[in-house]
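**Student:** Return a 3D structure for these sequence lines:
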Amino acid sequence: MENLYGKEFDGHLIRASKDRRKKEIDDWLPITSSRNAKWWYSAFHNVTAMVGAGVLSLPYAMANLGWGPGTVILVLSWAITLYTLWQMVEMHEMVPGKRFDRYHELGQHAFGEKLGLYIVVPQQLICEVGVDIVYMVTGGKSLQKIHNLVCKDCAPIKLTYFIMIFASVHFVLSHLPNFNSISGVSLAAAVMSLSYSTIAWSASVHKGVQPDVEYGYKASTTSGTVFNFLSALGDVAFAYAGHNVVLEIQATIPSKPGKPSKGPMWKGVVVAYIVVALCYFPVALVGYYMFGNKVEDNILISLEKPTWLIVAANMFVVIHVIGSYQIYAIPVFDMLETLLVKKLHFRPSRKLRFITRNLYVAPLYHVAGHLQTQEVQLIMDHQLDLYYTWLLIDDSVTHRRAPEYHT
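**Tutor:** As a prediction, this is how the structure comes out:
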């Protein structure tokens, strides 16, 4: 009898020790370490994750879709993605007593412990790491353009050095522990998204309707029209991104019996989608109305590139992609740190976090700095809706530079 009680007592001790270990890890990992976010945190996190420089290509998409189909597709995409986002918000706590704090946890619930992990994690990593690489190139190109416009008599500096400057910011910001700690950065990025979108459509209004404006399809052949139409469908569809970090954002919001996290999260999502509408619809519709089918695939090119506009827009983009980089990096940090402390049994510590995050930022800088810009563009443009090519704007060249300009 004493042996039975002793074994039961030992079992309780083991379970208590495991529970303490689990709590210690959860309190340290980026996604679960802070659950005191307000609803407005989710608003600007979602805006930062969703709105990208691809908004400036929406008038061009409208030119390939036409007024009727283009407007319908733009509105339907907004409504459908809002609905799918609502589904994810609802599923976060659909199992009583459990929160799906990470995208792959929901995948594991749907497909099984192992299969869900194998299906979701590779795709999520490809998207998030790929986005961060492109944001490094985007940030570097924006800084380079600002330098070239502000100091036209200065010696040219290679793009690699500007990417290095952009990456150096993330060697600092990446050590902020969780989503709540980057809320200020995310807010600034969200404001910048609205700012450069406003510049695009308000400057178009100021320029006015062009004398020779036409609203027919750009292509002169049926096959060309069909191809452009399908391409524009992708442009619009991929403009609504960010779903792969929604559960991680919601994980930062507190949940209590009778007051689940989905309430404040949904409130933030609705506000975010209102901001998205304010960014997307005016740029797409006003830009197309003013320039018709002669609009460039970046609206700023059609605005004839006044220096103040390009400098301001590029500065806004730099700030925006700094925040967006962090939004997509934190789930990756969480995966890496979970692997290290849960599977490889490293002790949670600042030293481990410092090494891990630096080892994430550094290789991404290497990839961004050494891949040909044009190659990154071709891989990412239509898959991730990250049209950073508008940052290649120059007074004397078209929106796509010749290979010799890719330095």
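**Student:** Find the residue closest to residue 267 in space, skipping its chain neighbours.
**Tutor:** residue 39 (4.5 Å; Cβ to Cβ, 6 or more residues apart in numbering). In short, each C-beta sits where N, CA and C put it, glycine included.
**Student:** ok, now how distant is that neighbour from residue 144?
**Tutor:** Separation of residue 39 from residue 144 (Cβ to Cβ, to the nearest Å): 38 Å.
**Student:** out of those two, which sits in the more crowded spot?
**Tutor:** residue 144 (24 against 17; other Cβ atoms under 10 Å).
**Student:** worst-scoring helix or strand of the protein, pLDDT-wise?
**Tutor:** One helix or strand of the chain scores below all others by mean pLDDT, DSSP states H and E: helix 373-384, with a mean of 44.
**Student:** what are the ranges of the strands in the chain?
**Tutor:** Ranges of strands in the chain, per DSSP state E: none exist.
**Student:** Below-threshold pLDDT in it: ranges please.
**Tutor:** 1-19, 53, 304, 371-407 (pLDDT under 70).
**Student:** Show me how the record splits it into domains.
**Tutor:** 1-30, 31-405 (automatic domain parsing).
**Student:** Give me whichever of the ones you listed is most buried.
**Tutor:** Most buried of those by mean neighbour count (mean count of other Cβ atoms under 10 Å) is domain 31-405; its value is a mean of 18.
**Student:** Spatially nearest residue to the residue nearest to the spatial centre of the chain, not counting backbone neighbours?
**Tutor:** Centroid-nearest residue in the chain: residue 49, 3.5 Å away (criterion: Cα atoms, centre = their mean). Distance criterion Cβ to Cβ, 6+ apart; nearest residue to residue 49, sequence neighbours excluded, is residue 242 at 3.4 Å.
**Student:** pretty sure residue 243 contacts residue 83?
**Tutor:** No - using Cβ atoms under 8 Å, residue 243 is not in contact with residue 83, being 11.4 Å away.
**Student:** Quick one: residues contacting residue 327.
**Tutor:** 45, 48, 49, 179, 182, 186, 189, 245 (Cβ atoms under 8 Å, 6 or more residues apart in numbering).
**Student:** Kindly indicate which of those lies nearest residue 252.
**Tutor:** residue 179 (4.7 Å; Cβ to Cβ).
**Student:** Can you name the residues that contact the residue nearest to the centre of the chain?
**Tutor:** Neighbours of residue 49 in contact, by Cβ under 8 Å, 6+ apart: 241, 242, 245, 249, 324, 327, 328.
**Student:** make it 6 Å
**Tutor:** 242, 245, 327 (Cβ atoms under 6 Å, 6 or more residues apart in numbering).
**Student:** Arrange those in JSON lines, one row each, with distance to residue 64 as further columns.
**Tutor:** Shown next, in JSON lines, are those (distance: Cβ to Cβ, whole Å):
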{"residue": "242", "distance to residue 64": "24"}
{"residue": "245", "distance to residue 64": "30"}
{"residue": "327", "distance to residue 64": "30"}
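**Student:** out of those residues, which are inside helices?
**Tutor:** residue 327 (DSSP state H).
**Student:** For residue 122, state which of the contacts of residue 49 is nearest.
**Tutor:** residue 245 (16.1 Å).
**Student:** Which residue, other than its chain neighbours, is closest to that closest one?
**Tutor:** Nearest non-adjacent residue to residue 245 (Cβ to Cβ, 6+ apart): residue 49, at 5.4 Å.
**Student:** what separates that neighbour from residue 240, distance-wise?
**Tutor:** 11 Å.
**Student:** Ok, residue 222 next?
**Tutor:** 29 Å.
**Student:** With residue 85 instead?
**Tutor:** For residue 85 relative to residue 240 (Cβ to Cβ), the value is 9 Å.
**Student:** hey, what's in contact with both of the two?
**Tutor:** Counting by Cβ under 6 Å, 6+ apart, nothing touches both residue 85 and residue 240.
**Student:** returning to what we had before: shouldn't the residue nearest to residue 267 be in contact with residue 264?
**Tutor:** Yes - taking contacts as Cβ atoms under 6 Å, residue 39 lies within contact range of residue 264: 3.5 Å.
**Student:** show me what contacts residue 366?
**Tutor:** Applying Cβ under 6 Å, 6+ apart, no residues qualify as near residue 366.
**Student:** let me fix that: residue 293
**Tutor:** 63, 214, 216, 218.
**Student:** and of these, the nearest to residue 232?
**Tutor:** residue 63 (8.0 Å).
**Student:** Just give the nearest non-adjacent residue to residue 94, would you?
**Tutor:** residue 100 (7.9 Å).
**Student:** Got phi/psi on that neighbour?
**Tutor:** phi -90, psi 90 (degrees, to the nearest 10).
**Student:** Quickly note the distance from it to residue 336.
**Tutor:** 20 Å.
**Student:** what's the span of stretch 88-103 from first residue to last?
**Tutor:** End-to-end distance for stretch 88-103: 9 Å, by Cα to Cα, to the nearest Å.
**Student:** and it, how far from the chain's centre?
**Tutor:** Offset of stretch 88-103 from its chain centre (Cα atoms, centre = their mean, to the nearest Å): 22 Å.
**Student:** I'd like the distance between the residue nearest to residue 49 and residue 45.
**Tutor:** Counting by Cβ to Cβ, the gap from residue 242 to residue 45 is 9 Å.
**Student:** I'd like the contacts of residue 327 as a markdown table, with distance to residue 71 appended.
**Tutor:** Shown next, in a markdown table, are the contacts of residue 327 (distance: Cβ to Cβ, whole Å):
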| residue | distance to residue 71 |
| --- | --- |
| 45 | 29 |
| 48 | 26 |
| 49 | 25 |
| 179 | 35 |
| 182 | 36 |
| 186 | 31 |
| 189 | 28 |
| 245 | 29 |
